[in-house]
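Chemist: starting from these lines, generate the structure:
(chains A and B)
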Number of protein chains: 2
Amino acid sequence: MSPEEFRIHGHAVVDRIAAYMEQVESYPIMPAVEPGDIRRKLPAAAPEAPEPFDAILRDVDEIVMPGVTHWQSPGWFAFFPANVSPPAILGDLLSSGLGQQGMLWSTSPACTEIEMVMMDWLIDLLGLPEGWKTTGPGGGVIQMSASDSTHIALVVARRLAARRAPVGELVVYTSNQAHSSIEKGAAIAGYEHIRLVGVDGAFAMRPDALAAAIERDLANGLTPAAVCTSVGTTGTTAVDPIRMISGIAAAHGMWHHVDAAYAGTAMICPEFRHHQDGLELVDSYVVNPHKWMLTNFDFSAFYVADRRPLVDALSILPPYLREQAAASEQVFDYRDWHVSMGRRFRSLKLWFVLRSYGAEAIRALVRNHVRLARELADRIRGDDRLELLAPVPFALVAFRHVAGEDATDRLAAAINATGHSYVTSSELDGTRFIRVSVGQTNTAAAHVERLWSTIDAAAKPT
Amino acid sequence: MSPEEFRIHGHAVVDRIAAYMEQVESYPIMPAVEPGDIRRKLPAAAPEAPEPFDAILRDVDEIVMPGVTHWQSPGWFAFFPANVSPPAILGDLLSSGLGQQGMLWSTSPACTEIEMVMMDWLIDLLGLPEGWKTTGPGGGVIQMSASDSTHIALVVARRLAARRAPVGELVVYTSNQAHSSIEKGAAIAGYEHIRLVGVDGAFAMRPDALAAAIERDLANGLTPAAVCTSVGTTGTTAVDPIRMISGIAAAHGMWHHVDAAYAGTAMICPEFRHHQDGLELVDSYVVNPHKWMLTNFDFSAFYVADRRPLVDALSILPPYLREQAAASEQVFDYRDWHVSMGRRFRSLKLWFVLRSYGAEAIRALVRNHVRLARELADRIRGDDRLELLAPVPFALVAFRHVAGEDATDRLAAAINATGHSYVTSSELDGTRFIRVSVGQTNTAAAHVERLWSTIDAAAKPT
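Modeler: Residues are numbered from 1 along each chain as shown, chains lettered A, B, ... in the order given. Modelled structure (predicted):
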């Protein structure tokens, strides 16, 4: 494909994406395919000879589109949002075209420095500690996902704790409401002991339960290595008491990592920042702009309060070379901040988003989603067929049918059968419930109203 | 940005990328910037209000482009290639626009199944073992980079070996020519012992040296856990004897992982496949189509001969739920194949590439690069000022100036000062040398000729 052909086909792909943006609401959210339906449409082997691009685009229509789950529909209330946006798509497109590899400063100064600046911009936007800026002792880096960020935090914690005990005796603590990525990351990092600490009535980690778990482990000869708290758990967006947990972590020399993958974006609005009180005391932190900040996956923003133990754990350079690089302190070699060596120019996406929207528009988006979620929660609270299961600090509503598990499952199935709205079912202490995550960029009052009408009709009198 | 504005700006970005493809050769490969130059051009904080897209594109010209290292220049002989291609850019663009999250089959059936098919296509294209297909006991998955693939292989190996000894007593072996990602991945996975095994005159791992290292470790009470061999080392593209090493690995119950990140693409030509003799005996394997197969980063193809220990190590589901899923055997939940949970629709890139070029054109590209590299090697071999340091099994030429380190460094500096050609310097047993990696898509005979003229002029009489 020559550059001239690329122009023609590129315009065609851009036009298709624009049309998808315009039409996404017309698709049933979940595609009507069975496992194997799509692969059966593809030939068993790659072609030997070139095919025209039009044939590829025809197969996009006939093979790909019937198998797409419409995360970008405004009726998407499942999981958490994974919003794309027009400027993010264009930032990513430019990144693809330039083909940069930002593993070292010199292999792409633009990739490295714009990433450093974007990570610093986010600190001011979200009210994160000033010391986490690249100009201070800390710093931020783009990882693929919160799972990667948390895994790396636990690797650094393991390395520090290894001075005190073998890995088989180290313990990681998190709440029983934390995201599965924490248990998974701990297992991948080689920890053998992970404690799921109990929560209070609002599903936040209980400091007394954490302290008791630590005491039990110490009494058994084990060594507390790390605690992972959540600002916005997956089930109910509960918020752990960061400041109090930090006191316990400090007393035991533990690494304290905070998972704010979803709710961290809300901190662009100052009125939510009381939920992150105490962040200046933690060691690492993750927020995913690829969820709620209009920046296409992948863009997980990982911060450390002190970058030295991170780089010590991951650098492949001998110490004397690291010293030389660190002496300049002007720029980073981001290769030393994660597992992978190669890295794309991902900061372009956030740069394009923040400049195209401006911070004020993102604040308005977050506030609108939170308002819509709380209005839905009010309706559920006022309906005696339904039970609200948790507070709504952000834009997630967790509820059940009072008639029990079967009624709740039927209600979820009725919502998802509409095609226009989609929710996730989950469990809390063995109780089945429905999660409504209001967060897709184009979700407006009418979409939540339509969802409520479905709930109201399907809930039936008890 | 409305869909209509996205069309307009999208066409503009596509046109810029097309122009970049046409003009890339006119840029000096390494940008003329000092650390900090780029970040100083950016404001200290994100804007509150929206900016017009034209302002962003102007800054792409004024801030980004002066800081770009031109990996896509046909004079790029540094590191290994990281080739982009027009169809790959468009596949990635479509992926960005659709905003899929392929962590479960149901969250994007198209993402999951096209990935499964692409991983199977690669098996036939590269002559990999039939049992690695998703229809067999094994399977392939897209990871971000070879570092991630190798890290995961070592995590699975650690979990299996943990039945025999604590992690502090496990040992990983690789050659002293292996890529740094193996030591890094082993350290991240928590191994405390890694042995860099000696090599023969062609820089391939010596089976007798491996066997001796294992015996020493066994005598000291340690437990061999994994061996990582290379098909194409970073320094000289040396090839370890896979079949012989597999025999040793089997005798000691070790996991055998093969790193063919760069050279794996050459196997699309049958005449190179003798270099991967014995692959049917190994446990895991990685090749990066994002290097030499025209598929934009990130696309690291990771294979396992048996997917059960991989999924056992990484699944967050309890075993009884895994059994249900496995019972269908039709589709995978790729979340259980790597650290991250979210995942982009990356298979579109390779699908677009293989269909746009066809396998025969990729074979021709590889053969042309290898021919150009070997012609350059012949010239170096015939020049008594220069010394060829290693065989040229693929398209990498390693050589030095016979006058020593300073002369070699001056020669590399002279090449890189031209702006039109760029090479990497490295060291082999304390000997400084120059790596010429012929692999950028548009590198033709004239570019290698120009490089040779520079070498010839700068080498001067000894």
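Chemist: any idea which element the residue sitting furthest away from the middle of chain A lies in?
Modeler: Each residue of chain A has a distance to the centre, and by Cα atoms, centre = their mean the biggest one is for A:Ala49: 40.8 Å. Here A:Ala49 is covered by no helix or strand, with elements defined by DSSP states H and E.
Chemist: report the contact partners of it.
Modeler: Shown in contact with A:Ala49 (Cβ atoms under 8 Å, 6 or more residues apart in numbering or on different chains): B:Gly358, B:Glu360. In this view, the C-beta of every residue, glycine as well, is placed from N, C-alpha and C.
Chemist: need phi/psi at it.
Modeler: Per-residue torsions, A:Ala49: phi -110, psi 160 (degrees, to the nearest 10).
Chemist: check contacts around the residue lying closest to A:Gly131 once chain neighbours are set aside.
Modeler: Distances taken as Cβ to Cβ, 6 or more residues apart in numbering or on different chains place A:Gly138 nearest to A:Gly131, at 5.4 Å, with adjacent residues excluded. Counting by Cβ under 8 Å, 6+ apart, A:Gly138 makes contact with A:Pro129, A:Gly131, A:Trp132, A:Tyr303, A:Val304, A:Ala305, A:Asp306, A:Arg307.
Chemist: is the helix ranked longest in chain A anywhere near chain B?
Modeler: As assigned by DSSP state H, the longest helix anywhere in chain A is helix A:359-381. Yes - using Cβ under 8 Å from any Cβ of the partner chain, helix A:359-381 comes into contact with chain B via A:Ala359, A:Glu360, A:Ala361.
Chemist: let me see the mean pLDDT of that helix.
Modeler: The average pLDDT for helix A:359-381 rounds to 98.
Chemist: around chain B, pick out the residues from the stretch 151-300 of chain A.
Modeler: A:151, A:155, A:158, A:166-168, A:180-181, A:183-185, A:187-190, A:290, A:296-298.
Chemist: are any of these buried, and which?
Modeler: Those of those that meet the buried threshold are A:151, A:155, A:158, A:167, A:181, A:183-185, A:187-190, A:290, A:296-298, by 16 or more other Cβ atoms under 10 Å in any protein chain shown.
Chemist: how is A:Ile434 classified with respect to secondary structure?
Modeler: Assigned by DSSP: H, G, I helix; E, B strand; the rest coil, the conformation of A:Ile434 is strand.
Chemist: ok, now how distant is A:Glu271 from A:Ser2?
Modeler: Distance of A:Glu271 to A:Ser2, computed by Cβ to Cβ, to the nearest Å: 53 Å.
Chemist: and for A:Phe297?
Modeler: 31 Å.
Chemist: same question for A:Ala211.
Modeler: A:Ala211 sits 67 Å away from A:Ser2, going by Cβ to Cβ.
Chemist: which one's more surrounded, those two?
Modeler: A:Ala211 (17 against 11; other Cβ atoms under 10 Å in any protein chain shown).
Chemist: wouldn't that one be in contact with A:Ala249 here?
Modeler: No - with contact defined as Cβ atoms under 8 Å, A:Ala211 does not reach A:Ala249; the gap is 10.8 Å.
Chemist: okay, and for the stretch 251-400 of chain A, where does confidence drop off?
Modeler: A:318-329 (pLDDT under 70).
Chemist: so what's A:Arg343 closest to, chain neighbours aside?
Modeler: A:Gly102 (4.6 Å).
Chemist: can you give me the neighbour number for that neighbour?
Modeler: 28.
Chemist: same question for A:Phe272.
Modeler: Neighbour number of A:Phe272 under other Cβ under 10 Å is 23.
Chemist: wait, is it part of a strand?
Modeler: No - read with three-state DSSP, A:Phe272 is helix and lies in no strand.
Chemist: could you check how many residues crowd around the nearest residue to it once chain neighbours are set aside?
Modeler: Excluding the flanking residues, the one nearest A:Phe272 by Cβ to Cβ, 6+ apart is A:Ala266, at 4.4 Å. The number of residues packed near A:Ala266 is 28, by other Cβ under 10 Å.
Chemist: and what of the one 5 residues further on?
Modeler: Burial of A:Glu271, expressed as a neighbour count using other Cβ under 10 Å, amounts to 11.
Chemist: same check on A:Pro241?
Modeler: 18.
Chemist: for stretch A:370-379, which positions count as buried?
Modeler: Quick answer for stretch A:370-379 (16+ other Cβ under 10 Å): A:Val370, A:Leu372, A:Ala373, A:Arg374, A:Glu375, A:Leu376, A:Ala377, A:Arg379.
Chemist: what's the answer for stretch A:270-289, then?
Modeler: By 16+ other Cβ under 10 Å, the buried positions in stretch A:270-289 come out as A:272, A:275-276, A:278-279, A:281-289.
Chemist: stretch A:340-350 now?
Modeler: Those would be A:Ser340, A:Met341, A:Gly342, A:Arg343, A:Arg344, A:Phe345, A:Arg346, A:Ser347, A:Leu348, A:Lys349, A:Leu350, for stretch A:340-350 by 16+ other Cβ under 10 Å.
Chemist: out of those, who's nearest B:Thr229?
Modeler: A:Met341 (18.9 Å; Cβ to Cβ).
Chemist: the nearest residue to A:Gly342 once chain neighbours are set aside: what's it in contact with?
Modeler: Using Cβ to Cβ, 6+ apart and skipping the chain neighbours, the partner closest in space to A:Gly342 is B:Ser145 (4.8 Å). Contacts for B:Ser145 (Cβ under 8 Å, 6+ apart) come out as A:Val339, A:Ser340, A:Met341, A:Gly342, B:Ser181, B:Asn288, B:Phe297, B:Asp298, B:Ser300.
Chemist: noted, bye for now.
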